[in-house]
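# sequence-free structure coming up:
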Ligand code: ACO
């Protein structure tokens, strides 16, 4: 029996993430410099939001180019042939076309090897589309529809806001994930909680602009209420799967969708309050939280005093279970659908594989509008995995250095690029004007857009492929017949 199959010989075992690649723009603006350029009080973005740098794309890049970049890099990094992929899904809320999917554009990467048998399309709901795409791919692989090949999921967005308080919570980036059996990061069966509801907290009704319509305060309360509800659902379902109650001490690392780092810090505190609400006896061990006696989850959403108390109380937990995962969020900003998976990349890049083996990651995904899920991933240290955890972590180890090697631009230059993007959004015909030297070598960029809105992409400086350090060692075989 192959290691990837169950005892019936049909269904794949240990389905999860085999490989992960992250792309972010080469240029960023400093949040400290933005504070002074925007004329807000010192510390508002750097302490109030806990943001350090914000990545952004010029008119040379769009959602399709960043997806082309990240998927082609994933293929090269793993020495993967597009023939090995039977499903490709894109999660994004950066919409260029009301009909044609980003996935269809990515099929250019499959054309040369003649693989047109690739299921999956785009999924959209704010920052949640990437998670929906991951779930779709896992469900496909664990179903009778599976044809034995691997799946690729791309979560990518360009997050830009109109000038004002939301603008420093922008960002841009893409994460491509290789999904398959016998993985080092396994989605634990039955351990998934979901909460979906209707709300107008953040949405994009104006199709002629990249900017969303945002009710800032409402996004925060919706995020936290959905956190409570998805954790509640997760705990209920996990009890069935685990045979015992779930609480935060059963999670070794806790990762959140990260609109800005302060939100993540508050969310961890909020999860502790959820545990206390379920097990009030916990208060005996934490007398500093006595003032929470009689308070409920619903009457404390947005209560700054309660938030501060819980943040203080979870400092040690933050340092141990969450801090490392905030690297990309702090330094790139909100990548919307890619945000949570950037947190995953951050953790894998910085935590030695030996300290991850056998550990459980608790993951919270939130998309306005709204859709939210909490799920868990088990880090498997099996030496015969299709890609080992050591190889996966090693493949991401250059991430902190890559973040440091970006180019800083002034707030004025950043603002000029934002204005250009807004002015030229959907312009056709259009020849982008930004110098391609602002891109990393090996990046796809828009060469031109013709009068029928057809976009032509090229790759900047293909010698950049050499920097990808060969293939991640793997045992990714394609079953007979494919
Ligand atoms: N020094 C230190 N802290 C400061 C300073 C300062 N000089 N000035 C303000 N702050 C603190 C505030 O006290 C507040 O912290 P607190 O919430 O812990 O009390 C924080 O900075 C934010 O300041 P506010 O004035 O409350 O909020 P602001 O008007 O800056 O807006 C918001 C923040 C709502 C997040 C805005 O940036 C926004 O709308 N962003 C987009 C929506 C978003 O990201 N929502 C999150 C979930 S949905 C999603 O992912 C898209």
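Looks like it came in fine. Keep in mind it's a predicted model, so treat the numbers as computed, not measured. Numbers count the residues shown, from 1 in each chain.

# Most remote residue from the middle of the protein, which is it?
No residue in the chain sits farther from the centre than residue 284, which is 36.8 Å out by C-alpha atoms, centre = their mean.

# what pLDDT does that residue get?
Looking at residue 284, its pLDDT is 84.

# try residue 120
So residue 120 comes in at 98 (pLDDT).

# Please enumerate the helices of the stretch 51-200 of the chain.
63-78, 102-106, 108-111, 129-141 (DSSP state H, counting those that start in this stretch).

# Nearest to the ligand, out of the ones you listed?
helix 129-141 (12.4 Å; C-beta to the nearest ligand atom). Any C-beta I mention is one placed from the backbone N, CA and C, and that applies to glycine too.

# related to what we said a few turns ago, could you redo the helices of the stretch 51-200 of the chain as TSV and give each row distance to the ligand?
Output for the helices of the stretch 51-200 of the chain, formatted as TSV (distance: least, C-beta to the nearest ligand atom, whole Å):
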stretch	distance to the ligand
helix 63-78	16
helix 102-106	20
helix 108-111	29
helix 129-141	12
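
# Any chance of JSON lines for these, columns distance to residue 263, mean pLDDT and mean neighbour count?
Below are these laid out as JSON lines (distance: least, C-beta to C-beta, whole Å; pLDDT from 0 to 100; neighbours: other C-beta atoms under 10 Å):
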{"stretch": "helix 63-78", "distance to residue 263": "24", "mean pLDDT": "97", "mean neighbour count": "24"}
{"stretch": "helix 102-106", "distance to residue 263": "27", "mean pLDDT": "98", "mean neighbour count": "21"}
{"stretch": "helix 108-111", "distance to residue 263": "35", "mean pLDDT": "98", "mean neighbour count": "16"}
{"stretch": "helix 129-141", "distance to residue 263": "17", "mean pLDDT": "98", "mean neighbour count": "24"}
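
# need the residues of the stretch 201-350 of the chain near the ligand, please.
Within the stretch 201-350 of the chain, the positions adjacent to the ligand are 202, 214, 216, 219, 220, 223, 259, 262, 263, 304, 334 by C-beta under 6 Å from any ligand atom.

# In contact with residue 409: list those residues for me.
27, 28, 29, 417 (C-beta atoms under 8 Å, 6 or more residues apart in numbering).

# From residue 282, how far out is residue 465?
Distance, residue 465 to residue 282, using C-beta to C-beta, to the nearest Å: 52 Å.

# hang on, the earlier thing: right, and the pair among the contacts of residue 409 with maximum separation?
28 and 417 (11.4 Å; C-beta to C-beta).

# how much space between the residue of the chain found nearest the ligand and residue 163?
The chain approaches the ligand most closely through residue 48 (2.1 Å), counting by C-beta to the nearest ligand atom. Distance, residue 48 to residue 163, by C-beta to C-beta: 17 Å.

# All the strands of the stretch 51-200 of the chain, in order from the start?
Along the stretch 51-200 of the chain, counting by DSSP state E, counting those that start in this stretch, strands occupy 53-55, 85-91, 122-123, 150-159, 171-180, 185-196.

# For whatever helix or strand comes next after the last one, name the packing helices and strands.
Read it as strand 185-196. Heading C-terminal from strand 185-196, the first helix or strand you meet, by DSSP states H and E, is strand 202-203. Here strand 202-203 touches strand 213-214, going by 3 or more C-beta pairs under 8 Å, 6 or more residues apart in numbering; DSSP states H and E.

# and the strand it packs on, what's its mean pLDDT?
98.

# Need the residues that contact that strand.
With contact meaning C-beta under 8 Å, 6+ apart, strand 213-214 is reached by 161, 166, 201, 202, 203, 204, 205, 206.

# of all these, which comes closest to residue 300?
The closest of those, once distances to residue 300 are taken by C-beta to C-beta, is residue 201, at 18.7 Å.

# Pull the contacting residues for that closest one.
Contact analysis of residue 201 by C-beta under 8 Å, 6+ apart lists 214, 215, 218, 219, 222, 368, 369, 370.

# if you set the cut-off to 6 Å instead, what comes out?
Contacts for residue 201 (C-beta atoms under 6 Å, 6 or more residues apart in numbering) come out as 215, 218, 219, 222, 368.

# Repeat that for residue 89.
Residue 89 touches 120, 133, 136, 137, 153, counting by C-beta under 6 Å, 6+ apart.

# hang on, the earlier thing: let's have the contacts of residue 201 in TSV, adding secondary structure, distance to residue 471 and neighbour count.
Formatted as TSV, these follow (DSSP: H, G, I helix; E, B strand; the rest coil; distance: C-beta to C-beta, whole Å; neighbours: other C-beta atoms under 10 Å):
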residue	secondary structure	distance to residue 471	neighbour count
215	coil	47	15
218	helix	46	14
219	helix	41	22
222	helix	43	22
368	coil	39	27
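
# List the beta-bridge partners for the nearest residue to residue 66 once chain neighbours are set aside.
Nearest non-adjacent residue to residue 66, counting by C-beta to C-beta, 6 or more residues apart in numbering: residue 174, 4.5 Å away. Counting by DSSP bridges, residue 174 is bridged to residue 23, residue 156.

# wait, doesn't residue 174 sit right on residue 155?
No: the criterion here is C-beta atoms under 6 Å, and residue 174 misses it with residue 155 at 7.0 Å.

# Could you tell me which residues touch both of these two?
Common neighbours of residue 174 and residue 155 are listed as residue 338 (criterion: C-beta under 6 Å, 6+ apart).

# which stretches of this protein have low pLDDT?
For the chain, the stretches with pLDDT under 70 are 1-10, 466-470, 478-482.

# any idea which residue sits dead centre in it?
Residue closest to the mean C-alpha point of the chain, counted by C-alpha atoms, centre = their mean, is residue 338 at 2.6 Å.

# Can you tell me how far it is from residue 93?
From residue 338 to residue 93 the distance is 11 Å (C-beta to C-beta).

# Residue numbers of the stretch 51-200 of the chain in contact with the ligand?
Residues of the stretch 51-200 of the chain lying close to the ligand by C-beta under 6 Å from any ligand atom are 127, 165, 166, 169.

# Skipping its backbone neighbours, what lies nearest the third one in space?
Right, the one you point to is residue 166. What sits nearest to residue 166 in space, not counting adjacent residues and going by C-beta to C-beta, 6+ apart, is residue 214, at 5.2 Å.

# tell me which residues form a beta bridge with that neighbour?
Going by DSSP bridges, residue 214 is paired in beta bridges with residue 202.

# how would you label the residue nearest to residue 317 when sequence neighbours are not counted: helix, strand or coil?
Once flanking residues are discounted, residue 317 sits nearest to residue 268: 6.4 Å by C-beta to C-beta, 6+ apart. Here residue 268 is recorded as helix under DSSP: H, G, I helix; E, B strand; the rest coil.

# Enumerate every residue touching residue 268.
By C-beta under 6 Å, 6+ apart, the contact list for residue 268 reads 314, 318, 322.

# Ok, residue 119 next?
Here residue 119 is in contact with residue 87 (C-beta under 6 Å, 6+ apart).

# Show me what it is bridged to.
Following DSSP bridges, residue 119 is listed with bridge partners residue 87.

# What distance do you get for it to residue 408?
Here residue 119 is placed at a distance of 42 Å from residue 408 (C-beta to C-beta).
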